[in-house]
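>>> Provide a 3D model corresponding to the input given below.
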Amino acid sequence: MTTEERLKILQMLEEGKITAEEAAALLRAIGQKVGAGGPGPRHEGRFLRIQVTDIVSGRSRVNVTVPLQLVKVGLRIAERFAPDAGVNWQELEEALTSSLTGKIVEVEDSEDNERVEIYVE
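All right, here's what the predicted structure looks like:
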């Protein structure tokens, strides 16, 4: 974890955008990504992968992998900023942090010729 990443998290905490608990979780998640593998949280090593592919060419447009611990913190932040979004944030978090693995979403957008796939790995 770089000093810049730590400072950004601390700045978000200072500005009240995240709680101290959320900041600690972010710091842990980033530290796990960088740290060598020793024993850790129950879901260490699990990731959410989002892949966007051009349907016509088959070429990847986007391929992002995010640690599930970081996604969990992001959901808590989203819940604070969009409480009326019509999303059951706790249910979504529980689904992602369960033992579920593999493809969980596949959507094709024929207008933009894109396929979006979301995996838990």
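>>> quick one: low-confidence ranges for this protein?
1-2, 31-44 (pLDDT under 70).
>>> Give me the phi and psi angles of the nearest residue to residue 89 once chain neighbours are set aside.
Leaving aside its sequence neighbours, residue 89 sits nearest to residue 79 (Cβ to Cβ, 6 or more residues apart in numbering; 4.0 Å). Bear in mind the C-beta positions are built from the backbone N, C-alpha and C, glycine included. Torsion angles at residue 79 (phi, psi; degrees, to the nearest 10) stand at phi -60, psi -40.
>>> what's the answer for residue 69, then?
The phi and psi values for residue 69, taken as degrees, to the nearest 10, are phi -60, psi -40.
>>> Ok, residue 66 next?
Residue 66 adopts backbone torsions of phi -130, psi 130, taken as degrees, to the nearest 10.
>>> Next, count neighbours for the residue nearest to residue 89.
16 (other Cβ atoms under 10 Å).
>>> just the one 10 residues further on next, same as before
Other residues within reach of residue 89 by the criterion other Cβ under 10 Å amount to 16.
>>> just residue 30 next, same as before
Neighbours of residue 30 (other Cβ under 10 Å): 18.
>>> how would you label it: helix, strand or coil?
With DSSP: H, G, I helix; E, B strand; the rest coil as the basis, residue 30 sits in helix.
>>> you'd agree the residue nearest to residue 89 is up against residue 91?
No - counting by Cβ atoms under 8 Å, residue 79 does not reach residue 91; the two are 11.3 Å apart.
>>> circling back: return the distance of the residue nearest to residue 89 relative to residue 72.
Relative to residue 72, residue 79 is positioned 11 Å away (criterion: Cβ to Cβ, to the nearest Å).
>>> Ok, residue 102 next?
Separation of residue 102 from residue 72 (Cβ to Cβ) stands at 19 Å.
>>> the more surrounded of these two?
Neighbour count, other Cβ under 10 Å: between residue 102 and residue 72, residue 72 has more, with 19 against 7.
>>> Contact partners for that one?
25, 93, 96-97 (Cβ atoms under 8 Å, 6 or more residues apart in numbering).
>>> the helices in the chain, which residues?
3-14, 20-34, 68-81, 89-97 (DSSP state H).
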